[in-house]
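1. Model the structure of this input:
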Amino acid sequence: MNRVPDAGLAAPAGQRGNVLADRRLWLMLAFGFLSGLPLALSGFTLRQWLTESHVSLAALGLTANIGLSYTLKFLWAPVLDHAPAPFGLSRFGRRRGWLLAVQPLLALACLGMAMSDAATAPAVTVAAAGLIAFLSATQDIAIDAWRIETFPERAQGAANAAYVWGYRVAMLVSGAGVISMAGPLGWHGALLPVAVLLGLGMFVTLAAREPGVTIVTQAAGGMMARLRTAVVEPLREFLTRPGAWAILGYVALFKLGEAMAGVMLAPFYHDLGFNRAAVAAAVGPFSLIATIAGYATGAWIVARIGLQRALIITGFFQMAAMAMYVWLAASAGNHAVLYSTVVVEAFAEGVADAAFLTYLSGLCSLSHTATQFALLTSVAPLALRTVGGFSGFFAQALGWTNFYIVAMFASLPAMLLMLFILTRYPPRARA
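-> Below you'll find the model as predicted:
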């Protein structure tokens, strides 16, 4: 693959101007918003809706499996790397063409969820959420590839920050926003605006430029040669690196504690006596501001002490912050403890994610951007989509306090594995 010289961020230092003037960062912010909107719909917002519809804890835990699309997206990521976009949209380019094909379908899936009734036909609501997750994961593949191919390596931190900020604002809208509006408008009325916002995503894609990257494929050799180029080669290149399996193990285990804790938050808050308004306030602006501050702090830590030490420090900080849930479990009905827990945990998550995403982006070869980043970000939520699905059973068996103590220490194996990786296989530069 040949990378065309970048005309913006590669300009001489005296000609770059303010980084905020780079329209690509604003587009990255918008793409982050579009990527974050669907996630809460198949996650926390869905579980809040089902909780109010009196679905059992065990069934609520199993809704974590809806997001298996995010875990398995590496299986179809090679299609987006090598196949032209369908519906005659290939004229817009590989990345933009696929986005324009997926985004209208994603808006329609959200509309279908808005028109369903979780109280009388929860299976329909869950099915719509599953379709949203699949289409959202596909959109993420294209957006991640656009980011990595559009921004040079030195600007990936700024691009990641813009993406996360947009992503978190979107989760506020489709999370706390929808939950708040479900009171006066009902769940149907609260979800319809989200479908409209997703539909507007096509205009963001049209405003973006196709990355100046040429993907070289094998013209000869038939289907097997194309399959080898699209699927086998990206995976072989990554898996034959020194420490590849240890890295995948770390990535898979990093979110284990967060996965266990997060899946059960809606019924946890409900059992502690917090009503819909309190939950919406807790996961609303306070959480957003804390996450943005955490991400900025994490990016500063990476720049200040380097990625390797930042991965360890921020990871252990996030694990320690989960002790707040144990405190909350012993403070039923205390709104101050609720808000403190959400703020501290959101800040810690932002700090850790800043280092984690920078690490994942740096692992990707520019020759196989979409496929390799999809592989890594598929492995990352593996704990959520597997072990997280059994969280309801664990919570029933252990009780809330013991459950969150277990969740707090669940990420310890990942941190020990990262210590081993950084000792034996330090981060490598992208090729």
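2. drop to CA atoms for contacts and neighbour counts, all remaining ones
-> OK.
3. Could you check how far the residue nearest to Ser116 when sequence neighbours are not counted is from Ala280?
-> Once flanking residues are discounted, Ser116 sits nearest to Thr125: 5.6 Å by C-alpha to C-alpha, 6 or more residues apart in numbering. For Thr125, the distance to Ala280 equals 21 Å [C-alpha to C-alpha, to the nearest Å].
4. Between these two, which is the more surrounded one?
-> Thr125 (22 against 19; other C-alpha atoms under 10 Å).
5. Could you look up the SS state of that one?
-> helix (DSSP: H, G, I helix; E, B strand; the rest coil).
6. tell me the contacts of it?
-> The contact partners of Thr125, by C-alpha atoms under 8 Å, 6 or more residues apart in numbering, come to Met113, Ser116, Asp117, Ala118.
7. Low-confidence ranges, the stretch 101-250 of the chain, go.
-> For the stretch 101-250 of the chain, the stretches with pLDDT under 70 are 153-154, 157, 213-231.
8. Show me where it has its helices.
-> 122-150, 156-172, 178-199, 201-207, 222-227, 233-239, 244-254 (DSSP state H, counting those that start in this stretch).
9. Figure out which of those helices is closest to Leu307.
-> helix 156-172 (11.5 Å; C-alpha to C-alpha).
10. List the contacts of that closest one.
-> By C-alpha under 8 Å, 6+ apart, helix 156-172 touches 25-26, 28-37, 39-40, 147-148, 151, 283-285, 288, 291-292, 295-296, 299, 354, 357-358, 361.
11. Filter these down to the ones in helices?
-> Using DSSP state H, the subset of the contacts of helix 156-172 located in helices is 25-26, 28-37, 39-40, 147-148, 285, 288, 291-292, 295-296, 299, 354, 357-358, 361.
12. and Leu416, how many residues sit next to it?
-> As a burial measure, Leu416 scores 12 neighbours (other C-alpha under 10 Å).
13. Help me confirm that it is found in a helix?
-> Yes. The assignment for Leu416 (three-state DSSP) places it in a helix.
14. rewinding a little: okay, the helices of the stretch 101-250 of the chain in a markdown table with distance to Leu265 next?
-> Below are those laid out as a markdown table (distance: least, C-alpha to C-alpha, whole Å):
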| stretch | distance to Leu265 |
| --- | --- |
| helix 122-150 | 18 |
| helix 156-172 | 15 |
| helix 178-199 | 14 |
| helix 201-207 | 29 |
| helix 222-227 | 42 |
| helix 233-239 | 35 |
| helix 244-254 | 19 |
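15. So which of those helices is nearest Asp271?
-> Nearest to Asp271 among the helices of the stretch 101-250 of the chain is helix 178-199; the distance by C-alpha to C-alpha comes to 17.2 Å.
16. Around Ala246, how many other residues sit close by?
-> 16.
17. Nearest residue to it in space, ignoring adjacent ones along the chain?
-> In space, Ala246 is closest to Ile421, 6.8 Å off (C-alpha to C-alpha, 6+ apart).
18. low pLDDT regions in the stretch 251-400 of the chain?
-> 283-284, 366-370, 381-389.
19. Which parts of it are helices?
-> Under DSSP H, counting those that start in this stretch, the stretch 251-400 of the chain gives helices at 256-263, 265-271, 276-282, 285-305, 307-321, 323-329, 335-362, 369-379, 382-385, 391-398, 400-409.
20. residues of the fifth one that come out buried?
-> In terms of neighbour count (16 or more other C-alpha atoms under 10 Å), helix 307-321 has its buried residues at 307-319, 321.
21. mind putting those residues in TSV, distance to Met415 included?
-> Below are the buried residues of helix 307-321 laid out as TSV (distance: C-alpha to C-alpha, whole Å):
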residue	distance to Met415
Leu307	14
Gln308	12
Arg309	12
Ala310	12
Leu311	9
Ile312	7
Ile313	9
Thr314	10
Gly315	7
Phe316	7
Phe317	11
Gln318	11
Met319	9
Ala321	15
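22. can you dump the C-alpha coordinates of stretch 335-345 into PDB?
-> C-alpha atoms of stretch 335-345 as PDB (Å, rounded to 0.1, in the frame of the first residue of the first chain):
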ATOM      1  CA  HIS A 335     -27.400  10.300  45.600                       C
ATOM      2  CA  ALA A 336     -24.100  11.900  46.600                       C
ATOM      3  CA  VAL A 337     -22.300   8.600  46.600                       C
ATOM      4  CA  LEU A 338     -24.000   7.700  43.300                       C
ATOM      5  CA  TYR A 339     -22.700  10.800  41.500                       C
ATOM      6  CA  SER A 340     -19.300  10.500  43.100                       C
ATOM      7  CA  THR A 341     -19.100   6.900  41.900                       C
ATOM      8  CA  VAL A 342     -20.100   7.800  38.300                       C
ATOM      9  CA  VAL A 343     -17.700  10.700  38.100                       C
ATOM     10  CA  VAL A 344     -14.700   8.900  39.500                       C
ATOM     11  CA  GLU A 345     -15.200   5.800  37.400                       C
END
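23. For that stretch, give me every contacting residue.
-> By C-alpha under 8 Å, 6+ apart, stretch 335-345 touches 274, 278, 282-283, 286-287, 290-291, 318, 321-322, 324-325, 327-328, 331.
24. Out of those, flag the one nearest to Leu198.
-> For these, the nearest to Leu198 is Val283 (21.2 Å; C-alpha to C-alpha).
25. on that earlier part again, from the contacts of Thr125, which land in strands?
-> Per DSSP state E, strands hold no members of the contacts of Thr125.
26. I'd like the residues you listed laid out as JSON lines, including neighbour count and distance to Leu131.
-> JSON lines is the format used below for those (neighbours: other C-alpha atoms under 10 Å; distance: C-alpha to C-alpha, whole Å):
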{"residue": "Met113", "neighbour count": "28", "distance to Leu131": "9"}
{"residue": "Ser116", "neighbour count": "20", "distance to Leu131": "13"}
{"residue": "Asp117", "neighbour count": "17", "distance to Leu131": "16"}
{"residue": "Ala118", "neighbour count": "22", "distance to Leu131": "16"}
